[in-house]
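Peer 1: Predicted model follows, preceded by the sequence.
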Amino acid sequence: MALITLTTDFGTKDHFAGTVKGAIYTELPEAKIVDITHEISPFNITETAYIVKNAYKSFPKGSIHIIGVDSELSVQNKHLAILLDEHYFVCPDNGVISMIASEINPTKIVEINIHNHVESSFPVLDVFVKIACFIANGGKLDVIGKETSSYKKLIEIQPKVNQAKNIIKGGIIYIDNYGNVISNISKKLFNEIGKDRAFSITARRYTFSNVYAQYNEVVNYDADDIGLYDGKKLALFNSANFLEIAIYRSNLQTVGGASTLLGLNYRDTITVEFFDEDVPDFVTVN
Amino acid sequence: MALITLTTDFGTKDHFAGTVKGAIYTELPEAKIVDITHEISPFNITETAYIVKNAYKSFPKGSIHIIGVDSELSVQNKHLAILLDEHYFVCPDNGVISMIASEINPTKIVEINIHNHVESSFPVLDVFVKIACFIANGGKLDVIGKETSSYKKLIEIQPKVNQAKNIIKGGIIYIDNYGNVISNISKKLFNEIGKDRAFSITARRYTFSNVYAQYNEVVNYDADDIGLYDGKKLALFNSANFLEIAIYRSNLQTVGGASTLLGLNYRDTITVEFFDEDVPDFVTVN
Amino acid sequence: MALITLTTDFGTKDHFAGTVKGAIYTELPEAKIVDITHEISPFNITETAYIVKNAYKSFPKGSIHIIGVDSELSVQNKHLAILLDEHYFVCPDNGVISMIASEINPTKIVEINIHNHVESSFPVLDVFVKIACFIANGGKLDVIGKETSSYKKLIEIQPKVNQAKNIIKGGIIYIDNYGNVISNISKKLFNEIGKDRAFSITARRYTFSNVYAQYNEVVNYDADDIGLYDGKKLALFNSANFLEIAIYRSNLQTVGGASTLLGLNYRDTITVEFFDEDVPDFVTVN
């Protein structure tokens, strides 16, 4: 059984996603097609990279992931088919793969060259679906393109560590459905640099000295009114293992979320400072 | 074949829904997965209860319904697996099930206790998917938890009837895609109390003395210009058999719907008064 | 295997789409169900026609397409089952089919008459699903209705050509996820009337004398900073082969799209004028 996922910026109103699925079912009547999302902000590579990285791993090995964001072919935007972590990715060479590939080396990358004669304003349909079906039918990557070892890297997704190794400077790469803001600082990096030292996390004028594992760890269930904890801000490692600034039980449509309440936006800086002793007194933790 | 449905407040942009589907397909390659919705307003239990109640019945007996709204485990929010009306529900014990369970007694409820060691900010993935796949594979509820007979009740979903049994006071529990407002007054209750008497339905300053079965019953198709009926307000028993205040051919994005045009909001009161004679003259019906 | 698609204005929050899918799986456990979209603007027939026309063709022959927009049964809105281009459509007779049927004659149209006794505010569930499952099981159209040759036509979707055959006046029928505006002028009509003559395309105060095949044909990749091309306006034949006014790499949520930046709305006029010689000097091309 072929399992093909779709991650695009098509939205869910236009016919694009439906057309792509029809084409896959025409070629592979028994395919399973799963929408990861069609709601990527148009042309946003960082969002795409974050979502694909967090979604693909839960799928069965051998799944084929079509990534249709900013995918028009050009001299600067080749089309790639990639085998990585036993998953296939069919995508433009615009950086979408670099967040995954920065942790796990691709097994094989080919630059797709089947479209010598295809002039298309809908490359996901005209190229990516064909490639995905070819792979699903057991086709080899070598047949559809030339092997390459390079792919574009996204700079944005890499936090910086100072030489003294006591400060990580990261950035906000994603804001989720609840308004929680997600940084590019992974739990792994945090622990490697932190080595169990005390720390303060600063985002704008807010400072945190704890990182939780569940949102409701901020709640004291012995309190008289646990509703008072709604709206409390916290830092946690989210389920994707990135450092996240969240509001407990937030709602962007009503009370707001971390992004709106704390004024935190895409690309804002998040700083973690580690201390060899306790957090010094001059750091005011909210 | 296992059929598993998903009802969550994840939204459709984040990776959460995709990740959950991937995990299910990894465990059960032949599963059918159906999105009921991922657009529940964050943490809104009443909306969830209304949607799950109306959706689950049309699915085949034996279907497994994962409800992922406000599902973080805590001392006050247990995880339940429920057999009810020959359907399985895997959900938090926060009231989501009470709208269904108020009409049909659960066959069996167990409090899930497989997560002794699981600390998770993504319980739908880490707990509910595992339970759903276990059930789909024929697993017994007793194995995954301790039987219980209690579950949290939602007060909001119960309309009140006065002692003279001539007045029902209900509330708005849902606003749909067309802006139509749906009360918690069921056709069944309406008929039981009403016993075919004349009635007036009041919502804010609007009064109705008819309840229709189709939206277009307000239209006189012999009229010169049936377009004039667009925007007409009406009461009807909707397809879920609840009393609804609607605008004929409404559109929230353009002309507005009942919620915006009549100023009716979530939790507003809807009153039905029954009369032993005709509707009295002092009741002005719009 | 039955493949059934859904195109509706239900939105994705309400239970309607989920309920419909449950009913189909109850009847046809092995069905494939594909959402074309549930995001049609409420009651918008032109949008529906555009989307269905562009989506259906990519599906396998024999697919069954349920169209649930403005589908309440009335004396003026019959229910139809149609065989056209080897695809089945189950839909209201409100014009949704006319954009497809204007190019390809239906093989067979029947006016559904199974609902003599069905009074329903949810006809997609109560009628269309039954019909679709009946067809999927090999049922004949004659059994479910009376053959007819007529169906309602949408006037809006037809551009006008002047007698001298040098001017096409069309209108905007759709605005897509990127804010690009799509006219009802097909590439076929454009070429038939144009006969390779020079032309100018006018939309409000903007004029174009080129029509591209890919969005990025406006980019000069030898330029120092190709980012400068973001936001450039262009005309192209889109993947649906309609004349479209677009903004290169637009984003309605941030910088805007053709609709917002050029002030182009649904139903605005797009004019193409053809010239026997070159485009005259008095035509200022932006």
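Peer 2: On my side now, so go ahead.

Peer 1: domain ranges for chain A?
Peer 2: Domain ranges of chain A: A:3-155, A:159-275, per automatic domain parsing.

Peer 1: so which strand or helix has the nearest residue to A:Val211 once chain neighbours are set aside?
Peer 2: Leaving aside its sequence neighbours, A:Val211 sits nearest to A:Ala235 (CB to CB, 6 or more residues apart in numbering or on different chains; 5.0 Å). C-beta: built from backbone N, CA, C; applies to glycine. Following DSSP states H and E, the helix or strand that holds A:Ala235 is strand A:233-237.

Peer 1: Poorly predicted segments of the stretch 1-150 of chain A, please.
Peer 2: Within the stretch 1-150 of chain A, the ranges that satisfy pLDDT under 70 run A:1, A:116-118.

Peer 1: got the residues of it near chain B?
Peer 2: When proximity is defined as CB under 8 Å from any CB of the partner chain, the stretch 1-150 of chain A approaches chain B at A:1, A:3, A:5, A:7, A:12, A:32, A:34-40, A:50-52, A:54-60, A:63.

Peer 1: What pLDDT does the model give A:Gln253?
Peer 2: A:Gln253 carries a pLDDT score of 83 in this model.

Peer 1: so what's it closest to, chain neighbours aside?
Peer 2: Using CB to CB, 6+ apart, the closest residue to A:Gln253 is B:Ser41 (6.3 Å).

Peer 1: measure the one you found to C:Ile109 for me?
Peer 2: From B:Ser41 across to C:Ile109, the span is 42 Å (CB to CB, to the nearest Å).

Peer 1: Could you check which of those two is surrounded by more residues?
Peer 2: A count of neighbours by other CB atoms under 10 Å in any protein chain shown puts C:Ile109 above the other of B:Ser41 and C:Ile109, at 22 against 18.

Peer 1: can you tell me which residues contact that one?
Peer 2: C:80-83, C:147-151 (CB atoms under 8 Å, 6 or more residues apart in numbering or on different chains).

Peer 1: now for those, which pair is the farthest apart?
Peer 2: Greatest spacing in those, by CB to CB: C:Leu83 and C:Ser150 (15.5 Å).

Peer 1: And these two? Which one has more around it.
Peer 2: Each of C:Leu83 and C:Ser150 has its neighbours counted (other CB under 10 Å); C:Leu83 has more, 16 against 10.

Peer 1: Who are the contact partners of the more buried one?
Peer 2: For C:Leu83, the contact set (CB under 8 Å, 6+ apart) comprises C:106-109, C:141.

Peer 1: Could you check which helix or strand contains the residue of chain A positioned farthest from its centre?
Peer 2: Distance from the C-alpha centroid of chain A, by CA atoms, centre = their mean, peaks at A:Asp224 (38.9 Å). Using DSSP H and E, A:Asp224 is not contained in any helix or strand.

Peer 1: So for it, what's the pLDDT?
Peer 2: A:Asp224 is given a pLDDT of 79.

Peer 1: measure it to chain C for me?
Peer 2: Counting by CB to the nearest CB, to the nearest Å, the gap from A:Asp224 to chain C is 35 Å.

Peer 1: quick one: average pLDDT of the strand holding A:Ala235?
Peer 2: Here strand A:233-237 scores 96 as its mean pLDDT.

Peer 1: could you point out which element follows that strand?
Peer 2: Sequence-wise, the next helix or strand downstream of strand A:233-237 (DSSP H and E) is strand A:242-247.

Peer 1: okay, that following strand in CSV with CA atoms only?
Peer 2: Taking Å, rounded to 0.1, in the frame of the first residue of the first chain, the C-alpha atoms of strand A:242-247 are listed here in CSV:
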residue,chain,number,x,y,z
PHE,A,242,11.3,22.6,20.9
LEU,A,243,11.2,25.3,23.5
GLU,A,244,7.8,27.0,23.4
ILE,A,245,6.3,30.0,25.2
ALA,A,246,2.7,29.2,25.9
ILE,A,247,-0.4,30.5,27.7
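
Peer 1: In the sheet, which strands lie alongside that strand, parallel or antiparallel?
Peer 2: Applying DSSP bridges, strand A:242-247 is found paired with strand A:181-186 (antiparallel), strand A:233-237 (antiparallel).

Peer 1: right, is the helix or strand just after it up against chain B?
Peer 2: Next helix or strand after strand A:242-247 toward the C-terminus (DSSP H and E): helix A:258-261. No: using CB under 8 Å from any CB, we find that helix A:258-261 stays clear of chain B, coming within 12.6 Å at best.

Peer 1: what comes up buried for helix A:258-261?
Peer 2: Applying a neighbour-count criterion of 16 or more other CB atoms under 10 Å in any protein chain shown, one finds A:258-259, A:261 buried in helix A:258-261.

Peer 1: Equivalent analysis for stretch A:48-56, please.
Peer 2: Of the residues in stretch A:48-56, A:48-56 count as buried by neighbour count, 16+ other CB under 10 Å.

Peer 1: can you check stretch A:60-75 too?
Peer 2: Neighbour counts using 16+ other CB under 10 Å place A:60, A:63-73 of stretch A:60-75 among the buried residues.

Peer 1: Good, wrapping up.
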